[in-house]
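Colleague: coordinates for the following, if possible.
(one chain, ligands or ions: 2)
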Amino acid sequence: MGRITLDKVTKKFGDVEVIPPLDLTIEDGEFVVFVGPSGCGKSTLLRLIAGLEDVSGGEIRIDGKPATDLPPAKRGLAMVFQSYALYPHMSVRKNIAFPMKMAGMPEDEQKRRIDNAARALNLTDYLDRRPGQLSGGQRQRVAIGRAIVREPAAFLFDEPLSNLDAALRVGMRMEISELHKKLDTTMIYVTHDQVEAMTMADKIVVLRAGNIEQVGSPLELYRNPRNTFVAGFIGSPK
Ligand code: ADP
Ligand code: MG
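Modeller: Ligands and ions are numbered 1, 2, ... in the order given. You can find the predicted model right below:
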C-alpha cells in the first residue's frame, strides 16, 4: 500500500500561485525523487502530500481513498526530518518511541517496532545512547527510525542529507536506497542535488516554478530530456 495520486492540485500563498494545477501518480513501492532548483516548490508539494499545508484546489488520494481533507496523522504517511529534529535529552530508544507513545500504543507493540527499526537501521547497539553520543549518520538513522515505527504507507524525505558532509551523504544515500529495498515501501525524496536524483530514483519528477517539466526514470530523462531545462538539470547535452 502506498499509491498516491494528485489531481489538479494547486497551492497559493496569498495571491501567489506557487503550484499551478498539477497531476501526478506515485505507484506503490516506487522511489520517487522531486528535483529542481531552490524555490521551485519541492517542499511545498511534499508538505501538501503530508497534509502539513492545505491545498488551494484539487484532490489528493492515498491508496484510492480521498485524503485531501485528512489531517497529517490520519494519512498514514511519515515525514523524515533532518536529524537535528531529535530530542537531545532523550535516548535513541525514547526518540524512536516518541510518535508511538503520543499515539498511545501498547508498550509491547512499541518494543517490537523499535527492535525491528533498530535492526533495519543497524542501531541495535545504540538504543540507550543520546543523540549527542552518535555520529551524524547514526543520528540521521534515528530520525528515519522514528518514521519506520509508524509503519507508514509512504516515507517523505525533504532534503534529509543537506546538513551532512559530502562523504557521509554518499553513505547515507546508499543506506536509504538499501532501506527502500528492505521495506519495499513508497518513498518520496526531495532534493536539489542532481546526483542524488539520478542515483536513487525509480522515477524523477523535475520541477520548475511549481510546474512539472518532465517525469521519467533517470535513464529516460538522461536520454530524452524534453527541453533544455531538463537537459541542463540532469546534466546531459541536448
Ligand atoms: P523548494 O523546497 O523547492 O526550495 P518551496 O516549496 O520551499 O521551494 O517554496 C516554493 C515557493 O513558495 C517559494 O517562492 C517560497 O518563497 C514560497 N513559499 C513557501 N512557503 C511559503 C509560505 N509559508 N508562505 C509564503 N510563501 C511560501
Ligand atoms: Mg525545500
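Colleague: in the chain, which spans are strands?
Modeller: 4-13, 16-26, 31-35, 57-62, 65-66, 77-80, 154-158, 186-191, 203-208, 211-216 (DSSP state E).
Colleague: the first one and ligand 1 in contact?
Modeller: Just to be clear, that refers to strand 4-13. Yes. Under the criterion of CB under 6 Å from any ligand atom, ligand 1 is reached by strand 4-13 at Phe13. Backbone N, C-alpha and C define where each C-beta goes, glycine included.
Colleague: that strand packs against which elements?
Modeller: In terms of contacts (3 or more CB pairs under 8 Å, 6 or more residues apart in numbering; DSSP states H and E), strand 4-13 is packed against strand 16-26, helix 42-50, strand 57-62.
Colleague: so for the second one, mean pLDDT?
Modeller: Right, the one you point to is helix 42-50. Confidence over helix 42-50, taken as the mean pLDDT, stands at 97.
Colleague: Phe81 and ligand 1, how far apart?
Modeller: Plainly put, Phe81 is 14 Å away from ligand 1 if you go by CB to the nearest ligand atom, to the nearest Å.
Colleague: for the biggest helix by length in the chain, packing partners?
Modeller: Counting by DSSP state H, the longest helix found in the chain is helix 166-183. For helix 166-183, the packing partners by 3+ CB pairs under 8 Å, 6+ apart come out as helix 107-120, helix 136-148, strand 186-191, helix 194-200.
Colleague: report the angle between the first one and helix 136-148.
Modeller: In this case it means helix 107-120. Orientation check (axes from the mean of the first three to the mean of the last three CA atoms, to 10 degrees): helix 107-120 against helix 136-148 gives 140 degrees.
Colleague: contacts for helix 107-120, please.
Modeller: Here helix 107-120 makes contact (CB atoms under 8 Å, 6 or more residues apart in numbering) with 93, 96-97, 100-101, 123-124, 126-127, 145, 148-149, 151, 179, 182-183.
Colleague: do the same with the last one
Modeller: The contact list for helix 194-200, computed with CB under 8 Å, 6+ apart, reads 31, 33, 35, 161, 173, 176-177, 189, 191, 204, 218, 222, 233-235.
Colleague: in it, what's buried?
Modeller: Buried positions in helix 194-200, judged by neighbour count with 16 or more other CB atoms under 10 Å: Gln194, Glu196, Ala197, Met198, Met200.
Colleague: next: the shortest one.
Modeller: Going by neighbour count (16+ other CB under 10 Å), the buried part of strand 186-191 is Thr186, Met187, Ile188, Tyr189, Val190, Thr191.
Colleague: output the residues you listed as TSV; include the columns distance to Thr25 and pLDDT.
Modeller: Supplementary listing: the buried residues of strand 186-191 in TSV, determined by distance: CB to CB, whole Å; pLDDT from 0 to 100:
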residue	distance to Thr25	pLDDT
Thr186	11	98
Met187	15	98
Ile188	12	98
Tyr189	17	97
Val190	18	97
Thr191	20	94
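Colleague: what is the nearest of these to ligand 1?
Modeller: Looking at these and their distance to ligand 1, the nearest is Val190, at 6.6 Å (CB to the nearest ligand atom).
Colleague: these two touch, right, that closest one and Leu46?
Modeller: Yes. Proximity of Val190 to Leu46 meets the contact threshold set by CB atoms under 8 Å, at 5.3 Å.
Colleague: run through this protein and note the low-pLDDT ranges.
Modeller: By pLDDT under 70, the weakly predicted segments of the chain are 83-84, 235-238.
Colleague: tell me the spacing between the closest residue to Ile176 other than its chain neighbours and Arg61.
Modeller: The shortest distance from Ile176 to any non-neighbouring residue, by CB to CB, 6 or more residues apart in numbering, is to Met200 (7.0 Å). Counting by CB to CB, to the nearest Å, the separation of Met200 from Arg61 is 25 Å.
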